[in-house]
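Student: How does the following fold in three dimensions:
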Amino acid sequence: WGGRRPARSTATAAGLMGIVSAVYAAYAVLVLREPGDGGPVASRDAVLLGISGREEGVARIIVAIVILVVSALTVSLAVGVLRRRQGARHAALVTFGVLGLVAFAASLPGLSADPPRPGAPFGVVTALVDVAVVVLLLLPMTADDVEDAERDRERMALRR
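Tutor: Down below sits the predicted model:
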């Protein structure tokens, strides 16, 4: 992990990444554990899309699995950022930037609905946390911390 502690901005970014990952992984596990009757009754939204109850159940399972895969990716990125790996920092910038845009775009229709969808504010909070991660990773303090750690690793490798 290196000889010195990560900068506060680096540790905070990694912590936020871990929290978002854990929340979404927990949600996906709850969806997968939810008993599905596989019956013909579909939700109102599924009916509007022309999806049967059985197809809706399959779609929920697929979405939950995708969420688990993305959560595993973001946890690995959080570990890489905490270890101050330049590649992990760059990948986290792109990943959390895209996730923030998607979360915000997905929550907008729910916010503008009458009445607003119950999960829409959570999407906005997620988008704001994702943006906070990107800002923290872009800070000069974080960039310097990662570069210093990379240089320290190179120096240690040359001594061996």
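Student: Confidence-wise, which helix or strand of the chain is lowest on average?
Tutor: helix 44-49 (a mean of 63; mean pLDDT, DSSP states H and E).
Student: secondary structure class for the closest residue to residue 149 other than its chain neighbours?
Tutor: Using CB to CB, 6 or more residues apart in numbering and skipping the chain neighbours, the partner closest in space to residue 149 is residue 84 (3.5 Å). Where C-beta positions appear, they are placed from N, C-alpha and C, glycine not excepted. Recorded secondary structure, residue 84: coil (DSSP: H, G, I helix; E, B strand; the rest coil).
Student: so how far is residue 9 from residue 84?
Tutor: 11 Å (CB to CB, to the nearest Å).
Student: close enough to count as contact, residue 126 and residue 16?
Tutor: No - checked against CB atoms under 8 Å, the pair residue 126 and residue 16 is beyond contact range at 10.7 Å.
Student: more neighbours, these two?
Tutor: Neighbour tally, residue 126 and residue 16, criterion other CB atoms under 10 Å: the higher count belongs to residue 126, 21 against 18.
Student: What does the more buried one show for phi and psi?
Tutor: Backbone torsions for residue 126, taken as degrees, to the nearest 10, come to phi -60, psi -40.
Student: Ok, residue 138 next?
Tutor: Torsion angles, degrees, to the nearest 10, at residue 138: phi -90, psi -10.
Student: Next, count neighbours for it.
Tutor: Neighbours of residue 138 (other CB under 10 Å): 14.
Student: Residues that sit against both of residue 84 and residue 9, list them.
Tutor: Counting by CB atoms under 8 Å, 6 or more residues apart in numbering, the common neighbours of residue 84 and residue 9 are residue 145.
Student: So these two - more neighbours on which side?
Tutor: Set residue 84 next to residue 9 and count neighbours by other CB under 10 Å: residue 84 wins out with 25 against 19.
Student: Contacts only, for the more buried one.
Tutor: Residue 84 makes contact with 2, 6, 10, 145, 146, 148, 149, 150, according to CB under 8 Å, 6+ apart.
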